[in-house]
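1. Here's my sequence, what's the structure:
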Amino acid sequence: MTGETVLQTERLTLRNWHLDDLDHLASMNVDDEVMRFFPDRPDRDQSAQMLARVMGNIQRHGFGFWVLERLEDNAFVGFAGLLHPAFHTHFTPCVEVGWRLKRSIWGQGYATEAGRASLDFAFERLGVDQVVSMAVVDNLPSRRVMERLGMTRRPEDDFGHPKLPFDHPLRPHVLYRLNRQAWAQGR
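-> Next comes the predicted model:
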């Protein structure tokens with residue numbers, strides 16, 4: 001399954017990972033701006049472990065975070081897709097939509113485009129009833145993407161990320177949701 005195209009949008013191919021994607025992933029994972037809302041900057045070995053987990057999730061579930069390649073030049077621009085969060089809180093188990101993009105392509109609508117394709121996959125192919133997305137409270141760019149995707153936030157859903165210590169500045173998170181009916185109405 002690794003390497004095949006999963007989805008295609010107007011400007012992107014969402015595909016499974018190749019082992020040679022590690023250089024791109026590792027480079028993105030140490031970019032301080034890309035990772036400013038994440039507690040760690042994975043080094044190359046940690047990025048390789050991440051790549052193995054992502055590839056394993058895709059093989060196990062038939063979905064995961066897929067590589068984003070720009071159609072015009074096949075350039076790696078990041079990843080996006082769906083996953084089951086690996087922690088327990090008031091809204092899990094669930095399917096989450098998420099993304100991480102190279103800084104050089106921010107602000108061009110790629111996250112929204114990939115997020116929309118991922119949501120279509122979740123609702124049309126997987127038949128899920130709801131998809132969530134989450135971000136650090138101050139991550140306004142990701143929150144704007146969630147809103148452009150039609151996702152909504154209820155403040156009572158906000159939570160402290162259970163994998164971070166209580167006093168960690170990145171612990172407070174917002175939760176956005178989109179159910180099948182709202183997705184269908186927004187199409």
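
2. Report the helix or strand with the lowest average pLDDT across this structure.
-> strand 5-8 (a mean of 87; mean pLDDT, DSSP states H and E).

3. partners of that one, with directions?
-> Sheet pairing of strand 5-8 (DSSP bridges) gives strand 12-15 (antiparallel).

4. Convert the C-alpha atoms of stretch 88-107 to PDB, please.
-> Presented in PDB, the C-alpha positions along stretch 88-107 are these (Å, rounded to 0.1, in the frame of the first residue of the first chain):
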ATOM      1  CA  HIS A  88      -7.900   9.200  25.900                       C
ATOM      2  CA  THR A  89     -10.100  12.200  26.700                       C
ATOM      3  CA  HIS A  90     -13.800  13.100  26.600                       C
ATOM      4  CA  PHE A  91     -14.100  12.900  22.800                       C
ATOM      5  CA  THR A  92     -12.100   9.800  22.100                       C
ATOM      6  CA  PRO A  93     -12.200   7.400  20.400                       C
ATOM      7  CA  CYS A  94     -12.700   9.400  17.200                       C
ATOM      8  CA  VAL A  95     -11.300  10.200  13.800                       C
ATOM      9  CA  GLU A  96      -9.200  13.400  13.600                       C
ATOM     10  CA  VAL A  97      -8.200  15.400  10.600                       C
ATOM     11  CA  GLY A  98      -4.900  17.200  10.700                       C
ATOM     12  CA  TRP A  99      -2.000  18.600   8.700                       C
ATOM     13  CA  ARG A 100       1.600  19.900   8.800                       C
ATOM     14  CA  LEU A 101       3.000  21.900   5.900                       C
ATOM     15  CA  LYS A 102       6.400  23.300   5.000                       C
ATOM     16  CA  ARG A 103       6.700  26.900   5.800                       C
ATOM     17  CA  SER A 104       7.500  27.900   2.200                       C
ATOM     18  CA  ILE A 105       3.900  27.100   1.100                       C
ATOM     19  CA  TRP A 106       1.900  28.500   4.000                       C
ATOM     20  CA  GLY A 107      -0.900  30.900   3.100                       C
END
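
5. what residues are up against the closest residue to Glu10 other than its chain neighbours?
-> Leaving aside its chain neighbours, Glu10 sits nearest to Glu113 (6.9 Å; criterion: Cβ to Cβ, 6 or more residues apart in numbering). Placement of C-beta: from N, CA and C, glycine included. Neighbouring residues of Glu113 by Cβ atoms under 8 Å, 6 or more residues apart in numbering: 9-12.

6. Could I have the PyMOL command that selects the buried members from these?
-> Provided next is the PyMOL selection string for whichever of the contacts of Glu113 are buried by 16 or more other Cβ atoms under 10 Å:
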select buried, resi 11+12
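
7. closest to Asp23 among the contacts of Glu113?
-> Leu12 (19.7 Å; Cβ to Cβ).

8. secondary structure element for the nearest residue to the closest one once chain neighbours are set aside?
-> Nearest residue to Leu12 in three dimensions, chain neighbours excluded: Leu68, at 5.4 Å (Cβ to Cβ, 6+ apart). Under the criterion of DSSP states H and E, Leu68 resides in strand 65-70.
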